[in-house]
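>>> please find the sequence and the predicted model below.
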Amino acid sequence: MNSPLAFSFPLLLLLLFFFLSSIPSVSTISPHAKKQPPNGMLPSEAETLFKIMDSMSSDQSWRVSYPNPCKPGSSWPGIECKQGNDGYLHVTRLDFGTRPNPTCKKTATFPYQIFSLPYLQSVFFFNCFTHTKTTLSVSADRLYNSSLQQLSLRSNPALVGSIPPQISSLKFLQILTLSQNRLNGTIPVQVGNLRNLVGLDLSYNSLTGSIPSTIGQLGMLQKLDLSSNSLTGSIPDSIEKLSLLAFMALSNNKLTGNFPKGLAKLQSLQYFLMDDNPMFIPLPVEFGILVKLQELRLANSGYSGSIPPSFSQLNNLSTLSLQNNRLTGEIPVVFGSLSHIYHLNLSRNFLDGVVPFNSSFLKRLGRNLDLSGNPGLCLNPAEAYSVKIGIGVSICGSNKNGSLIKPVKKSQAPRGLQKSFSLFPALGAFALHYMLFLV
């Protein structure tokens, strides 16, 4: 007779098999298994972001409307996020000021907490700080862990104070734009420590003092805009080290003195804008060696002497503005062979002689050619009658008395610098301001 235990043993084995197969595998409950990030962001980073938004914008209740700021498909406007090697989503870009980005409330001040977002690479504040005065004052220890590559604050009338030297601690910074604010004080010498800087724009503020020689340490710099401030002194000689510099704007300052001896070393320079500075020196012949120049603006600055013949070597030149100076002599004949030029302004100087341009050149430039205010200049009759648009000079031999027009004495010529040095740069410079590093 079989034992009941012997009969039930196979059944026990079968039950044990089914029991074991229902237990989750070890791999799914391993303590080393990768956990899914809660809400896609680190809680501490999300909280920092919410604090920034609460202080900056009242467009929405950000915590309620966008509880998961970086979640794909529901991220809030003006933010970009990327997944890091840790599997979490991190904020990499923030935009404030104009829709569709978050607008700034009247009480908004500069949020120093942005430097606590370790993965943030780009931040933009446009027309954001408009009512409550705020500064850029930050402590250096907040900046050391920052990954910021682009910092842009433009058109913020309530942004005041000086540029903090501590900003040099942003060691990864490539583009620094602090334009059209109300910053004052001097340019900190520590700016030379931003060795990765490609673009530096401090234009349209109230900065004073001289251009620091440490600018020459920015070997990667391609754009330098210091226009429309109250900078004094001369351009530092160290500027010759900026071999990659393509755009330099120094217009509407109080710069004086001679140009750097190494000016000719700036062989990458394409745009040089330096209108409205009390220079009162002869035009440097070295400009003619900068063969990549496309735009050269030196108006209203007291330059004297003749136009250097070397300027005729600027075959890529499209714009030449030399108006309202004290230039004398004749217009170089070879100017007529500059095939790329479309804007030429030599008005209000003491130039004399016959205009050396043929009818084809005159027609091509049309109203973009201005030679007015040079009583000693006259136009060859053969060319004049084929051009319908006036260029501001008389026809040789056709004055009211019927006698040949001759160059007038300098004492009879209108003074070239009766206009003040507070004139704004030509409108064309505003367009060129954004041709590089559009932000």
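Good, I have the coordinates.
>>> only C-alpha atoms from now on, for both contacts and neighbour counts.
Noted.
>>> what residue lies at the spatial centre of this protein?
Nearest to the mean C-alpha position of the chain, counting by CA atoms, centre = their mean, stands D201 at 4.6 Å.
>>> ok, how many other residues are close to V64?
If you count neighbours by other CA atoms under 10 Å, V64 ends up with 8.
>>> so how far is L346 from the residue nearest to the centre of the chain?
29 Å (CA to CA, to the nearest Å).
>>> please apply the same query to S243.
30 Å.
>>> and these two? which has more neighbours close in?
Between S243 and L346, L346 has the larger neighbour count (other CA under 10 Å), namely 22 against 18.
>>> who are the contact partners of the nearest residue to the more buried one once chain neighbours are set aside?
Computed as CA to CA, 6 or more residues apart in numbering, the closest residue to L346 that is not its neighbour in sequence is Q323, at 4.6 Å. By CA atoms under 8 Å, 6 or more residues apart in numbering, the residues touching Q323 are 298-300, 345-349.
>>> ok, now with 7 Å
Q323 makes contact with 299-300, 345-349, according to CA atoms under 7 Å, 6 or more residues apart in numbering.
>>> restricted to helices, list the residues you listed.
In helices, defined here by DSSP state H, there are no members of those.
>>> out of those, list just those in strands.
Counting by DSSP state E, the part of the contacts of Q323 found in strands is N345.
>>> what pLDDT does G402 get?
Note on G402: pLDDT of 35.
>>> scratch that, C81 is what I was asking about
Reported pLDDT for C81: 91.
>>> residues touching it, list them.
Applying CA under 7 Å, 6+ apart to C81 gives the contacts 70, 89-93.
>>> dump those residues to TSV, plus pLDDT.
As requested, the contacts of C81 are exported to TSV (pLDDT from 0 to 100):
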residue	pLDDT
C70	85
L89	92
H90	93
V91	94
T92	96
R93	95
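>>> narrow these to those in strands?
Per DSSP E, the contacts of C81 map to strands at 89-93.
>>> what residues of stretch 143-160 count as buried?
By neighbour count with 16 or more other CA atoms under 10 Å, stretch 143-160 contains the buried residues 143-160.
>>> swap that for stretch 261-273, sorry
For stretch 261-273, the buried set under the neighbour-count rule, 16+ other CA under 10 Å, comprises 263-273.
>>> same question, stretch 98-118
For stretch 98-118, a neighbour-count test (16+ other CA under 10 Å) marks 102-105, 108-111, 114-118 as buried.
>>> and if you look at stretch 337-356?
By neighbour count on 16+ other CA under 10 Å, the buried set for stretch 337-356 is 338, 341-356.
>>> pLDDT on that stretch, on average?
Regarding stretch 337-356, the rounded mean pLDDT is 96.
>>> F311 looks like it's in a helix, true?
Yes - counting by DSSP: H, G, I helix; E, B strand; the rest coil, F311 is found in a helix.
>>> near it, how many other residues are there?
23.
>>> which residue is the nearest non-sequential neighbour of it?
Of all residues not flanking F311 in the chain, G288 sits nearest, at 4.3 Å (CA to CA, 6+ apart).
>>> quick one: the helices in the stretch 51-200 of the chain?
62-65 (DSSP state H, counting those that start in this stretch).
>>> so, low pLDDT: which residues of it?
The model of the stretch 51-200 of the chain has pLDDT under 70 over residues 74-75.
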